[in-house]
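Engineer: here is a sequence with its predicted model. Questions after.
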Amino acid sequence: MHHRSASRTTGEASEKVRGRRKVPLRSVRARKADRGITVFAVSPPGFEDLVEAELRSLGLGTRREAGGVGFTGSWPDVYRVNLQSRVASRVLVRVAEFPAETFPALEKGLAAVAWDVWLPHGAAVDLRAAKHRTRLYHTGKVAEVALGVLAKVLGARPAGDETDAHRLLLRIDGPRVTVSLDTSGAHLHRRGYRVEAGPAPLRETLAAGLLLRARWDAAEPLLDPFCGSGTFPIEAALLSLRIPPGRGRAFAFERLPGFQADAWSAAQAEAEGCVLAGLPAPVFGSDQDPRAVALAARSARRAGLADHVQVAVADVTELEAPAGSGLLVANPPYGLRLAGERSALRSLGTALRGPFAGWRWAVVAAGADRRAERELGLPGGERLPFRSGGLRLQWVMGEACEAEGGS
């Protein structure tokens with residue numbers, strides 16, 4: 001059975017009459033699905049342009065919106081985006097859109113959706129409701145009405161603590177209700193390689209986005225001297241080797257009615273066909289904490305990158321540059337997270353003016369001012385504000401500088 005985006009009343013018969021000819025309902029649904037489903041790739045704030053570039057590289061026509069990028073495509077396109085996007089957070093499919101300014105209208109609109117097309121019978125549903133400028137002021141009542149409809153027509157039940165529940169999102173903006181189905185399942189930053197984490201790590205999607213924002217193209221060496229659990233080096237190696245970030249993990253779309261196993265296998269084979277055998281340039285990670293380095297090594301091994309990511313125990317002040325130029329990235333201690341931010345930045349600045357002179361650099365720093373550049377002792381560069389773990393951060397990027405004492 002194919003999916004489709006148009007909604008139908010639950011009381012419809014299994015055949016549709018057009019004139020004197022009866023057309024099987026399944027055929028009607030298939031034809032509508034062939035015309036495309038509405039999809040929305042959720043983006044970390046400020047990274048929408050990168051998500052859009054990823055989707056365009058997959059041959060999709062896009063429309064950038066607040067919070068992500070929309071496109072009209074097919075279910076195989078949904079599979080490909082989930083598998084190959086390095087920056088997107090989730091991939092949502094539009095189930096229905098209808099007007100509702102009262103709870104009876106909300107119930108009627110939800111009951112008109114052909115839920116058996118979208119969810120399996122008896123599904124556990126994790127329902128999330130968001131509202132803005134609506135008379136439907138009680139979020140709990142919205143969820144109660146929606147779950148009541150799903151229980152009646154589909155035998156669905158609230159998710160509770162079930163980890164494999166299907167996530168539905170109801171957004172009410174004024175009189176319009178939009179219902180979306182999450183096809184990703186676990187957040188897309190969960191690549192599967194990082195089952196352990198150091199203090200306040202960056203999400204993998206953010207790390208990949210920051211690397212792309214720093215215009216790293218894998219043709220130059222990369223080193224992270226505060227590698228922690230290894231997120232930057234591992235994401236850099238995945239990017240460099242063109243390994244699909246969703247390799248080896250499960251997705252919610254695999255549990256949906258009408259899942260196209262052959263199309264999913266084809267999407268995986270297509271992505272694997274682009275994987276390189278070796279890195280164009282080396283990727284390094286180091287940290288002064290042996291436990292962090294051991295953690296990074298285990299994460300790299302789980303990602304299948306043990307032979308590609310080089311990690312070592314070393315203080316930033318002890319490092320020698322492995323090449324005359326490259327990109328140094330760092331997520332040093334900052335702000336409320338750990339003590340020692342000032343010392344870490346000063347040591348990093350010394351390295352960038354010393355053995356790493358000639359290297360471009362990009363550093364995560366707290367706040368929105370230029371304190372990081374002052375502590376680094378380097379001229380201010382391009383800055384990208386973003387948030388991680390509820391903290392206001394910035395990605396400060398700079399060009400290569402001359403060695404201390406150079407002309």
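Structural biologist: Good, I have the coordinates.
Engineer: now for the helix or strand encompassing Met397, which elements pack on it?
Structural biologist: Met397 belongs to strand 391-398 when assigned by DSSP states H and E. Packing contacts for strand 391-398, counted by 3 or more CB pairs under 8 Å, 6 or more residues apart in numbering; DSSP states H and E, involve helix 204-213, strand 360-366, helix 371-376, strand 382-388. For every residue, glycine as well, the C-beta is placed using N, CA and C.
Engineer: redo these as a markdown table? Include mean pLDDT and mean neighbour count.
Structural biologist: As requested, these are arranged in a markdown table below (pLDDT from 0 to 100; neighbours: other CB atoms under 10 Å):
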| stretch | mean pLDDT | mean neighbour count |
| --- | --- | --- |
| helix 204-213 | 98 | 25 |
| strand 360-366 | 93 | 23 |
| helix 371-376 | 88 | 20 |
| strand 382-388 | 91 | 15 |
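Engineer: dump these into JSON lines; add distance to Pro225 as well.
Structural biologist: Formatted as JSON lines, those follow (distance: least, CB to CB, whole Å):
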{"stretch": "helix 204-213", "distance to Pro225": "15"}
{"stretch": "strand 360-366", "distance to Pro225": "10"}
{"stretch": "helix 371-376", "distance to Pro225": "13"}
{"stretch": "strand 382-388", "distance to Pro225": "19"}
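Engineer: what's the closest of the ones you listed to Arg302?
Structural biologist: Arg302 sits nearest to helix 204-213 of all the helices and strands packed on strand 391-398, at 12.5 Å, using CB to CB.
Engineer: now the strand holding Met397: buried residues?
Structural biologist: Neighbour counts over strand 391-398 (16 or more other CB atoms under 10 Å) mark Leu393, Gln394, Trp395, Val396, Met397, Gly398 as buried.
Engineer: what does stretch 264-272 give?
Structural biologist: So stretch 264-272, judged by 16+ other CB under 10 Å, has buried residues Trp264, Ala267, Gln268, Ala271.
Engineer: if we can go back for a sec, so which of the helices and strands packed on strand 391-398 gets nearest Cys227?
Structural biologist: Closest among these, using CB to CB: helix 204-213, at 11.0 Å.
Engineer: what lines up beside the following helix or strand past that closest one in the sheet?
Structural biologist: Moving toward the C-terminus from helix 204-213, the first helix or strand encountered (DSSP H and E) is strand 222-224. Sheet pairing here is set by DSSP bridges, and for strand 222-224 it gives strand 283-287 (parallel), strand 327-330 (parallel).
Engineer: so can I have CSV of those showing mean pLDDT, mean neighbour count and distance to Leu206?
Structural biologist: Formatted as CSV, these follow (pLDDT from 0 to 100; neighbours: other CB atoms under 10 Å; distance: least, CB to CB, whole Å):
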stretch, mean pLDDT, mean neighbour count, distance to Leu206
strand 283-287, 97, 26, 17
strand 327-330, 97, 24, 12
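Engineer: name the surrounding residues that touch the host helix or strand of Leu181.
Structural biologist: Element membership for Leu181, per DSSP H and E: strand 176-182. Applying CB atoms under 8 Å, 6 or more residues apart in numbering, the contact partners of strand 176-182 are 40, 90-100, 106, 109-110, 113, 118-119, 166-172, 252, 256.
Engineer: show me what counts as buried in that strand.
Structural biologist: Val177, Thr178, Val179, Ser180, Leu181, Asp182.
Engineer: tell me what the last one is bridged to.
Structural biologist: Which is Asp182. Under DSSP bridges, the beta-bridge partners of Asp182 are Leu92.
Engineer: what residues sit buried inside stretch 44-61?
Structural biologist: Of the residues in stretch 44-61, Pro44, Phe47, Glu48, Leu50, Val51, Glu52, Glu54, Leu55, Leu58, Leu60 count as buried by neighbour count, 16+ other CB under 10 Å.
Engineer: am I right that Ala277 sits in a strand?
Structural biologist: No - if the criterion is DSSP: H, G, I helix; E, B strand; the rest coil, then Ala277 is coil and not within a strand.
Engineer: how much space separates it from Arg371?
Structural biologist: Taking CB to CB, to the nearest Å as the measure, Ala277 falls 43 Å from Arg371.
Engineer: excluding chain neighbours, give the residue nearest to Leu238 in space.
Structural biologist: The shortest distance from Leu238 to any non-neighbouring residue, by CB to CB, 6 or more residues apart in numbering, is to Pro245 (5.9 Å).
Engineer: disregarding flanking residues, what is the spatial nearest neighbour of the residue sitting nearest the centre point of the chain?
Structural biologist: Nearest to the geometric centre of the chain sits Ser89, at 2.6 Å (CA atoms, centre = their mean). Nearest residue to Ser89, sequence neighbours excluded (CB to CB, 6+ apart): Val42, at 4.4 Å.
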